[in-house]
Each structure stands twice: as C-alpha cells, then as structure tokens.
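A.B. asks: Give me coordinates for this.
(one chain, ligands or ions: 1)
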Amino acid sequence: MKILVLGGTKFLGQHVVQAALDRGHDVTLFNRGQSDPDRFPDATLLIGDRTCDLDKLAGDRWDVAIDTSGHTPLDVSATVDALSGKVGHYTYVSTASVLSQPVPFGADETAPVEELPPCETCVVEVTDHNYAAVKSECERIVRETFDGPSFIVRPGLVVGPEDVSDRFTYWMRRIKFGGDVLVSRPDQPVQFIDVRDIADWIVRAGEESFEGTCLATGPAEPLTLGEFLGECKRILDVAAYFTCVDDAFLLEFGLQPLQDLPLWIPREQEAFMTLDCTAARDKGLRCRPLVDTIQDTYEWDMGRPWDVPVNAGLTLDQEAELLTTWMDRMDRVPA
Ligand SMILES: NC(=O)c1ccc[n+]([C@@H]2O[C@H](COP(=O)([O-])OP(=O)(O)OC[C@H]3O[C@@H](n4cnc5c(N)ncnc54)[C@H](OP(=O)(O)O)[C@@H]3O)[C@@H](O)[C@H]2O)c1
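C.D. replies: Here you go, the predicted structure:
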C-alpha cells in the first residue's frame with residue numbers, strides 16, 4: 001500500500017513509519033525536514049510545512065494517510081481539504097485527553113468530550129488549557145469533512161523507546177539509582193501503551209480501513225502503580241525502598257500530576273487511568289507484556305546521557321527534601 005505519514009520523524013510518528021516499512025508498505029513522509037530528516041532512507045520524504053505548503057502534496061495519491069502531527073483545527077482542516085480525493089483512508093491521531101472532566105470510571109468512546117467555543121474554532125495557539133478541546137475539534141473536522149472512510153485514534157499515555165518526555169523513563173532511572181524512593185499511592189490504577197503496539201495497530205487501521213473512534217491504551221491487564229513500580233524494581237534488580245506519600249502532600253507542594261511525579265494522578269482524577277478499550281481490542285489492538293516495555297525502554301534510555309536534566313519528575317534534591325518533610329511529619333503523628 002502507499003501510505004502518507006504527516007509527520008513521521010518524532011516519537012509516535014517514527015514508530016508508525018517503522019511499522020509501515022516493516023509491513024512492506026511504500027511510505028511517504030511529509031514534514032518540514034527539521035526533525036531527523038535522514039532517519040528513513042527507505043521512505044520518500046516530501047519537505048513542506050503543513051501550515052502553508054500543502055500544494056507539495058498535489059502531485060501524488062495514496063491509499064492511506066496517517067496524521068500524527070495535526071495540532072490545530074486550521075491545519076487539520078486544510079490538510080483534509082488537500083487530501084480529499086487523493087487518499088483512500090485517513091487516520092487521525094487524537095488523544096484520550098479529549099474526554100471531558102470529570103472522566104467517568106471505565107469511560108469508553110461514548111463519554112462526553114471537551115469542545116471549543118465556536119468563536120475559538122480557528123485557534124492557532126495550542127496550550128495545556130485548550131489542548132483537549134482543540135484535538136476534539138480536529139477530530140470533528142476529520143470525521144465530518146474527509147470525503148472517505150476515516151478513523152480517530154485516542155491514545156492514552158504513550159511510552160517506550162525514543163520517548164524523550166521522561167514520563168516513563170523517570171521511574172526506571174530513579175529506581176535504578178536505588179535508596180529511598182518517594183512514590184504516590186500504590187493502589188492507583190495506571191494505564192499507558194507501548195508506542196510499538198499502537199504504531200503497528202495504526203498502520204493496520206489503514207490496511208483494514210477501520211472507521212469510527214477508538215480509545216487506545218494498555219497494558220493488557222489492569223495494573224496499579226504499586227505493581228508497576230514493583231515490576232521495575234524486580235527487573236532492574238536493585239535495592240530500592242518505596243516511601244508512599246499521599247495526594248494531599250504532593251498537591252500541597254504544588255506538584256503537577258503526571259509531570260512532576262510521573263504516572264501519579266490524584267484520586268479524584270484517577271478514572272482517567274481506567275479507560276475501557278474494548279472497541280480497540282475488538283479491532284485487534286494487542287499490548288506486549290509489561291516486562292518487554294520496561295526492559296526495552298530502560299535499554300534505550302541507557303544509551304542517552306544520564307548527566308543532563310530530564311524532562312519530567314523530581315530531581316534527587318527535590319525528592320530528598322520532600323522525603324525529609326514527609327518523615328518529619330510522620331514522626332510527629334501521635335501514637
Ligand atoms: N506522547 C503521548 O503520550 C501522546 C498521548 C496521546 C496522544 N498523543 C498524540 O500523538 C501525536 C504525537 O505524534 P509524534 O510523537 O509523532 O509528535 P508530533 O510532535 O505530534 O509530530 C512531530 C512530527 O510532525 C512534523 N511536523 C511538526 N510540525 C510540522 C509542520 N508545521 N508541518 C509539517 N510537519 C510538521 C515533525 O517534523 P519536522 O519538525 O521536521 O517538521 C515531526 O515529524 C500527537 O498528535 C499527540 O497529540 C501523544
């Protein structure tokens with residue numbers, strides 16, 4: 001099949017391209033040529049900015065388009081217009097974050113989503129505040145204006161090799177360092193998906209012309225934070241000791257969920273980590289064993305410099321200060 005990947009040289013897009021090449025497809029990438037342009041010598045690279053160079057797509061046709069880099073309604077709308085009649089199937093990579101807060105426990109695709117106020121549908125600047133509503137509007141544009149079958153994928157947290165966000169590698173690095181490790185509630189559910197599993201499935205969505213919308217996260221079986229951390233410790237085989245602090249303590253010190261202490265989410269928001277992905281599983285989404293994701297991500301991370309600041313999580317100094325404060329308070333609790 002001829003597959004056009006809009007993006008394709010960063011984290012998820014790279015894995016989509018690799019999966020498509022591994023499955024024998026003829027792959028074209030469309031991006032600005034700024035992020036790792038030589039990464040895929042076996043794919044065709046069309047250089048252009050999707051905000052203003054869509055005419056570069058005029059001279060060809062594809063069976064499938066996979067859009068990993070559609071971040072604003074204007075860009076997605078222009079891309080869908082440019083590709084209507086030129087591609088047979090359009091997959092848009094959205095996010096599970098489109099779900100309205102509070103997310104119900106076990107939410108599926110029928111749960112309500114954030115919406116942009118009509119006056120903001122031309123929004124060009126995406127912020128943490130409007131990200132969910134902007135992606136939801138991009139979904140609507142693909143669903144309603146592409147002139148063929150389209151599929152919307154809503155991934156949860158995507159993790160694995162090449163993930164430079166450090167929202168997953170934090171735990172491996174920290175546990176490997178050993179000693180007393182500050183962790184949040186161990187009974188919190190956690191969900192994430194290995195980038196290689198979702199990338200492979202996104203390619204199959206094009207091959208099999210999936211339609212509709214699917215939440216997509218893993219792992220295969222329900223998992224708690226405590227089980228995940230225990231598995232990291234077992235695999236890394238280190239002497240690390242977990243000190244569990246509560247949500248109120250982390251919030252008191254202004255820690256941002258998922259970012260300042262990766263995978264942590266306060267109890268009142270934890271339903272976001274209980275998404276029901278039955279629809280995706282029914283369409284063949286499979287998640288590799290957790291041990292493979294942890295091991296492979298750790299091995300990839302070992303190849304990166306360890307003396308540069310990471311992009312998420314606590315520094316050792318911040319963690320030590322929090323641990324000292326927590327232990328002081330525990331000592332003062334009356335018997
Ligand atoms: N990571 C997660 O946990 C997570 C979770 C849920 C959903 N998602 C979704 O997954 C997607 C992430 O995709 P990704 O990892 O591949 O990263 P991305 O940052 O969305 O896309 C980067 C790619 O797009 C290209 N690009 C950026 N701006 C461009 C422009 N103006 N014109 C043409 N190409 C452009 C980049 O190449 P150049 O720089 O060379 O142009 C690069 O190839 C996003 O849609 C995100 O919303 C991610």
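A.B. asks: pLDDT score for the closest residue in space to Glu207 that isn't next to it in sequence?
C.D. replies: Excluding its sequence neighbours, the residue lying closest to Glu207 (CB to CB, 6 or more residues apart in numbering) is Met1, at 6.5 Å. The C-beta positions use only the backbone N, C-alpha and C, and glycine is treated the same way. We have a pLDDT of 98 for Met1.
A.B. asks: Just to check, Met1 is in contact with Asp26?
C.D. replies: Yes - at 7.0 Å, Met1 counts as touching Asp26 under the criterion of CB atoms under 8 Å.
A.B. asks: what residue ranges in the stretch 101-250 of the chain are flagged as low confidence?
C.D. replies: The model of the stretch 101-250 of the chain has pLDDT under 70 over residues 121.
A.B. asks: can you rerun that using 80?
C.D. replies: For the stretch 101-250 of the chain, the stretches flagged by pLDDT under 80 are 118-124.
A.B. asks: where do the helices sit along it?
C.D. replies: 131-145, 169-177, 195-207, 225-236, 247-252 (DSSP state H, counting those that start in this stretch).
A.B. asks: So for the longest one, what gets flagged as buried?
C.D. replies: Within helix 131-145, the residues that qualify as buried by neighbour count (16 or more other CB atoms under 10 Å) are Ala132, Ala133, Val134, Lys135, Ser136, Glu137, Cys138, Glu139, Arg140, Ile141, Val142, Arg143.
A.B. asks: how close does the fifth one sit to Ile47?
C.D. replies: Distance of Ser136 to Ile47, given as CB to CB, to the nearest Å: 30 Å.
A.B. asks: Equivalent analysis for the second one, please.
C.D. replies: Using CB to CB, one obtains 31 Å as the distance from Ala133 to Ile47.
A.B. asks: Quick check: phi and psi on Leu323?
C.D. replies: Dihedral angles of Leu323 (phi, psi; degrees, to the nearest 10) stand at phi -60, psi -40.
A.B. asks: ignore the last one, Asp75
C.D. replies: Phi and psi for Asp75, reported as degrees, to the nearest 10, are phi -70, psi -40.
A.B. asks: which element is the nearest residue to Val142 once chain neighbours are set aside on?
C.D. replies: Once flanking residues are discounted, Val142 sits nearest to Tyr92: 4.3 Å by CB to CB, 6+ apart. Assigned by DSSP states H and E, Tyr92 belongs to strand 87-93.
A.B. asks: What strands line up against that strand, and which way round?
C.D. replies: strand 62-67 (parallel), strand 150-155 (parallel) (DSSP bridges).
A.B. asks: The ligand: which of these is closest?
C.D. replies: strand 150-155 (4.0 Å; CB to the nearest ligand atom).
A.B. asks: can you list contacts of the closest one?
C.D. replies: 12, 89-96, 98, 109, 139, 142-143, 193, 198, 202, 205-206, 210-217 (CB atoms under 8 Å, 6 or more residues apart in numbering).
A.B. asks: Asp60 and Ile3: what is the separation?
C.D. replies: 12 Å.
A.B. asks: so what's in contact with these two at the same time?
C.D. replies: Counting by CB under 8 Å, 6+ apart, the residues touching both Asp60 and Ile3 are Thr28.
A.B. asks: Tell me which of those two has more neighbours.
C.D. replies: Ile3 (28 against 13; other CB atoms under 10 Å).
A.B. asks: strand partners of the helix or strand hosting that one, parallel vs antiparallel please.
C.D. replies: In the assignment (DSSP H and E), Ile3 maps to strand 2-6. Using DSSP bridges, strand 2-6 pairs in its sheet with strand 26-31 (parallel), strand 62-67 (parallel).
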